[in-house]
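Asker: Here's a sequence, model it:
(one chain, ligands or ions: 1)
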Amino acid sequence: MRVPLLDLSEQYRLLAEPIRQELDEILRTQSFILGPKVEEFERALAAYCGVKHAIGVSSGTDALLAILMAMEIGPNDAVITTAYTFFATAGCVARLGATPIFVDIDPVTFNISPAAIANFLENECRRNEHGELVNFEGRRVRAIIPVHLFGLCCEMDAINEIAAGYSLAVIEDAAQAIGAEYPAQGGARQAGTMSAVGSLSFYPSKNLGAAGDAGAIICNDDELAARFRIYRQHGMEPRYFHHVVGGNFRIDAIQASILKIKLPHLDGWSAARRKVADVYREEFNARGLTNTLTLPAEPYRERGLTNHHIYHQYVIRTPRRDELQKHLTARGIASAITRSACTSRSASPILGTAGAIYRRRKRPRRRRWRSRFIPS
Ligand SMILES: Cc1ncc(COP(=O)(O)O)c(C=O)c1O
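Answerer: Numbers count the residues shown, from 1 in each chain. Here you go, the predicted model:
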């Protein structure tokens, strides 16, 4: 039996009718870029995230790029982040001529380690003659980009506290974590809303996926939001007056409309992923496999949150990755095997199974594989 990484047709089956109606209307009106459909989606997204501003953009990558451009991060600057993420996080920093500085992850959560950030700032940075914080190469350290990987929030209280101590901006890469919650000191907060600004991706396979590329920037600051909107459209404000160089980072009406239709279902879909993750945990435990496998950490589980983890991916660690891969792929079960790219020496190979989660929810009759997929 073949388990695909993701079966998006299930979602489409559920929402085909309203999506087709929206598409018909857009085709009838020929209003494709930005406009009222985008504004409607932006309002709905801001309300869902609990922020003042949501700015639809062309992808999660472009969200990061527009944020960094609007914050004037460029050559001679450095940004602290994690290597254990999708390429776009550090790629956007490098694309602007700035230097990504990789600090280690927490080997339990796979998210950037606040202790490693503090260690880097304390021991590898200094103040230059202008009072600027610089690294050993003399680059100005400007910001931290924590990435809420696989749908689990980073330890944002600690990260924000460290950043505040050094006057660093925090930009949350929440591409994989829309709706995921964190038990912040002042109460539950959503991924992307706990610092100056957050970026979201609606790549089709994300928990909230478009029918193509799309993303969003979310923030509470009016001035910053206005800047992001200007950078989204070639630095243009008012029309045809360009005071800064931005890019074409616009979202289109078709993506925005589809996302608006899907948004009310997001929490239900994430809850279903959590349920399947619970089944995985029970089964791995029942078969005594937790000696060989490390299951995803759930540090916020008992903290009274709705979305303590949204399981964009269910990722396990095993020192026997290749053996496991062979076994699972032979049965068509493994969806993605990756070699750990993190900087932590203690991290071992990782195996991702998001697709299996999705498939299992929709195809309960195919559960038989669960009891057979690893030799006892
Ligand atoms: C952590 C992270 N950051 C950024 C991105 C970039 O998003 P997009 O593919 O929408 O450009 C992704 C996409 O997978 C991601 O996982």
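Asker: Every contact and neighbour count from this point should use C-alpha atoms.
Answerer: Noted.
Asker: need the residues of the stretch 51-200 of the chain near the ligand, please.
Answerer: Counting by C-alpha under 6 Å from any ligand atom, the positions of the stretch 51-200 of the chain adjacent to the ligand are 59-61, 85-86, 88-89, 147, 173, 175-176.
Asker: which of those residues are buried?
Answerer: 59-61, 85, 88-89, 147, 173, 175-176 (16 or more other C-alpha atoms under 10 Å).
Asker: and Glu181, how many neighbours does it have?
Answerer: Residues near Glu181, counting by other C-alpha atoms under 10 Å, number 25.
Asker: so what's it closest to, chain neighbours aside?
Answerer: Gln190 (4.4 Å; C-alpha to C-alpha, 6 or more residues apart in numbering).
Asker: Give me the distance between the one you found and Glu155.
Answerer: According to C-alpha to C-alpha, to the nearest Å, Gln190 and Glu155 sit 12 Å apart.
Asker: Looking at those two, which one has more neighbours?
Answerer: Taking other C-alpha under 10 Å, Gln190 and Glu155 do not tie; Gln190 has more neighbours (22 against 19).
Asker: can I assume the more buried one is in contact with Pro183?
Answerer: No - assessed by C-alpha atoms under 8 Å, Gln190 is found out of contact with Pro183, at 9.0 Å.
Asker: Using the record's assignment, carve this protein into domains.
Answerer: By the assignment in automatic domain parsing, the chain contains the domains 9-105+113-263, 265-359.
Asker: Just name the most buried of these.
Answerer: Per-stretch averages of neighbours, counted by mean count of other C-alpha atoms under 10 Å, single out domain 9-105+113-263 among these, with a mean of 20.
Asker: That one - what's its average pLDDT?
Answerer: For domain 9-105+113-263, the mean per-residue pLDDT is 97.
Asker: And for stretch 269-289?
Answerer: 92.
Asker: Which neighbours do Gln190 and Glu155 have in common?
Answerer: The contact sets of Gln190 and Glu155 overlap at Tyr182 (C-alpha atoms under 8 Å, 6 or more residues apart in numbering).
Asker: gap between the closest residue to Gly35 other than its chain neighbours and Thr61?
Answerer: With sequence-adjacent residues excluded and distances taken as C-alpha to C-alpha, 6+ apart, Gly35 is closest to Ala253, at 7.2 Å. Separation of Ala253 from Thr61 (C-alpha to C-alpha): 19 Å.
Asker: what do you get for Val93?
Answerer: 11 Å.
Asker: Going along the chain, name the helices of the stretch 51-200 of the chain.
Answerer: Here the stretch 51-200 of the chain has its helices, by DSSP state H, counting those that start in this stretch, at 60-70, 88-95, 114-124, 156-165.
Asker: Next, the distance between the ends of stretch 155-173.
Answerer: Terminal-residue distance, stretch 155-173 (C-alpha to C-alpha): 13 Å.
Asker: cool, and stretch 234-245?
Answerer: Stretch 234-245 end-to-end distance (C-alpha to C-alpha) = 6 Å.
Asker: Arrange the buried ones among the residues of the stretch 51-200 of the chain next to the ligand in CSV, one row each, with distance to Met71 as further columns.
Answerer: As requested, those are exported to CSV (distance: C-alpha to C-alpha, whole Å):
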residue, distance to Met71
Ser59, 18
Gly60, 17
Thr61, 15
Thr85, 22
Ala88, 17
Thr89, 15
Val147, 18
Asp173, 15
Ala175, 19
Gln176, 23
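Asker: and which of these is nearest to Pro4?
Answerer: Ranked by distance to Pro4 (C-alpha to C-alpha), those are led by Gln176 at 19.1 Å.
Asker: what sits against that closest one?
Answerer: By C-alpha under 8 Å, 6+ apart, the neighbours of Gln176 are 148-151, 200-201, 206-207, 312.
Asker: from the residues you listed, which single one is nearest the ligand?
Answerer: Each of the contacts of Gln176 was checked against the ligand using C-alpha to the nearest ligand atom; the closest is Ser201, at 4.1 Å.
Asker: contacting residues around that closest one?
Answerer: 59-61, 174-176, 209, 214-216.
Asker: Widest-spaced pair of the residues you listed?
Answerer: Spanning the widest gap among the contacts of Ser201 are Thr61 and Gly209, at 14.5 Å by C-alpha to C-alpha.
Asker: For Val57, which residues are in contact?
Answerer: Counting by C-alpha under 8 Å, 6+ apart, Val57 has contacts 63, 214-217, 232, 249-251.
Asker: how near is the residue nearest to Gly35 to the ligand?
Answerer: Distance, Ala253 to the ligand, by C-alpha to the nearest ligand atom, to the nearest Å: 16 Å.
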